[in-house]
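K.L.:
could you work out the structure for the sequence below:
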Amino acid sequence: ANWLKPMPERAHATDFWSSVASAFKDNRSVLFDLFNEPQSVDWECWESGGCTAFDGDASNEFITEGMQPMVTAVREAGATEQPILLGGLHYANDMRGWQEHLPVDPSDSLVASVHLYNFNYPCPAIAEGETAAAAAILCFTDEGYNSLGDISVDHPVVFGELGQDDC
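P.N.:
Numbering: from 1, shown residues only. Presented below is the predicted three-dimensional model:
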């Protein structure tokens, strides 16, 4: 790929997930991760889609699909028991609006998928002498900021990617 899309393309996303869910609907060992690292959109677009995005440059405009239509496509295809992973904004690092914009899932099996890197927004910058791990703990435990504790009361949380560039 030449570019990382900010969200899936509406023209193909639900058909794709209907097809995948139909193929794996009887396999309870499968987890569906609907889109890797949403970015450059707001929470309304993340939830419902319908916003304009670009695939590389302004000449490659497309309409995005949201998490709700994709969750619905998976469930309507018969995959009713498998967990569905949903990454937050800013490359799955910003979970601040995740609960407020959570899609409706008749199976109540949505999982928060987090990708944590020490250089990702919105976590606070690392203070002098502080480790990346300490900054990450602060970022994801601060009440009202990006708290995974709040999310984990009702939903499992998965750290799908971890990394750092500061050794």
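K.L.:
mind checking the longest helix of this structure?
P.N.:
helix 10-24 (DSSP state H).
K.L.:
which strands and helices sit next to that one?
P.N.:
strand 32-33, strand 61-65, helix 67-76 (3 or more Cβ pairs under 8 Å, 6 or more residues apart in numbering; DSSP states H and E). In short, each C-beta sits where N, CA and C put it, glycine included.
K.L.:
again, only this time at 6 Å
P.N.:
Helices and strands touching helix 10-24, as assessed by 3 or more Cβ pairs under 6 Å, 6 or more residues apart in numbering; DSSP states H and E, comprise strand 61-65, helix 67-76.
K.L.:
and the angle from it to strand 61-65?
P.N.:
When axes from the mean of the first three to the mean of the last three Cα atoms, to 10 degrees is applied, the directions of helix 10-24 and strand 61-65 differ by 40 degrees.
K.L.:
quick one: contacts of helix 10-24?
P.N.:
Applying Cβ atoms under 6 Å, 6 or more residues apart in numbering, the contact partners of helix 10-24 are V30, G49, I63, E65, P69, M70, A73, V74, A77, A79.
K.L.:
now the helices and strands packed on helix 10-24 in JSON lines, with mean neighbour count, mean pLDDT and distance to A23?
P.N.:
Output for those, formatted as JSON lines (neighbours: other Cβ atoms under 10 Å; pLDDT from 0 to 100; distance: least, Cβ to Cβ, whole Å):
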{"stretch": "strand 61-65", "mean neighbour count": "18", "mean pLDDT": "95", "distance to A23": "19"}
{"stretch": "helix 67-76", "mean neighbour count": "22", "mean pLDDT": "98", "distance to A23": "11"}
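K.L.:
dump the ones you listed to JSON lines, plus distance to T131.
P.N.:
What follows is the helices and strands packed on helix 10-24, written out as JSON lines (distance: least, Cβ to Cβ, whole Å):
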{"stretch": "strand 61-65", "distance to T131": "36"}
{"stretch": "helix 67-76", "distance to T131": "33"}
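K.L.:
dump the residue contacts of the closest residue to D105 other than its chain neighbours.
P.N.:
Nearest non-adjacent residue to D105, counting by Cβ to Cβ, 6 or more residues apart in numbering: V71, 5.5 Å away. V71 sits next to I84, P103, D105 when contact means Cβ under 6 Å, 6+ apart.
K.L.:
just read off the phi/psi values of the residue lying closest to S152 once chain neighbours are set aside.
P.N.:
Spatial nearest neighbour of S152, excluding adjacent residues (Cβ to Cβ, 6+ apart): A112 at 7.7 Å. Main-chain torsions, A112, degrees, to the nearest 10: phi -80, psi 120.
K.L.:
tell me, how many residues neighbour A112?
P.N.:
22 (other Cβ atoms under 10 Å).
K.L.:
all good on my end, thank you.
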